[in-house]
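Turn this into a model:
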Amino acid sequence: MNAAERRTKIIELLAASDRPMSATALAARCGVSRQIIVGDVALLRAGGVAVMATPRGYILENAASAPAYAERRIVAHHDDDRLREELYTIVDLGGAAIDVTVEHSIYGQITAPLHIFSRYDADAFCNKLEHSKARPLCDLTGGIHLHTVRAPDEKTLDRVIAGLKEKGFLLEEEN
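Got it, this is the predicted structure:
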């Protein structure tokens, strides 16, 4: 297959998948190297295709076909040792951690996709952090960060927010 056919196949594979697909998995399906896929994804993005990289692979964002859901930005605060607990709280109560945002003194706002929908996803993310010796973004801000939290409906989202508040994860205004 030529490069244009391969990029079309990448779009088709991502559109058909209900989970992120790694560059390695896409490469195996297309019979090329991982580096070729990374380049193809960059070219697709430059051409206007909404391909997002998550910690577990690529997803194709298509707002027109996305299901309805409730979403809210929260301000969270915790030490590194509570990261997994925070993510578990979100997913155990029916939510998803879509992204994380921190405010950096030089770069301004830094946002990274998470797309954590389950304990499996949370474990994969935390294990990747531990094995790579990388630090979570919230280390840059003394543990303060924002998350976009998504749930199927407002009632579920309220339950997630209440659970985070109960466990002391939310940064709240002082009276």
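
any residues touching the one helix or strand Arg7 maps to, and which ones?
Per DSSP states H and E, Arg7 falls inside helix 3-16. With contact meaning C-beta atoms under 8 Å, 6 or more residues apart in numbering, helix 3-16 is reached by 1, 21, 26, 29-30, 32, 36-37, 40-41, 43-44, 49, 51, 58-60, 62. For glycine as for every other residue, the C-beta is placed from the backbone atoms N, C-alpha and C.

swap in stretch 109-121?
Surrounding stretch 109-121, the residues in contact under the criterion C-beta under 8 Å, 6+ apart are 20, 52-56, 59, 87-88, 90-92, 96-104, 122, 125, 137, 140, 147.

Emit the PyMOL select command for whichever of those residues are buried.
This is the PyMOL syntax for the buried subset of the contacts of stretch 109-121, where burial follows 16 or more other C-beta atoms under 10 Å:
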select buried, resi 20+52+53+54+56+59+87+88+90+91+96+97+98+99+100+101+102+122+125+140+147
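
Inside strands: which ones of the contacts of stretch 109-121?
Those of those mapping onto strands are 52-54, 59, 96-104, 147, per DSSP state E.

mind putting those in CSV, pLDDT included?
Formatted as CSV, the ones in strands among the contacts of stretch 109-121 follow (pLDDT from 0 to 100):
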residue, pLDDT
Met52, 86
Ala53, 85
Thr54, 82
Ile59, 89
Ala96, 94
Ala97, 94
Ile98, 91
Asp99, 90
Val100, 90
Thr101, 89
Val102, 87
Glu103, 85
His104, 79
His147, 90
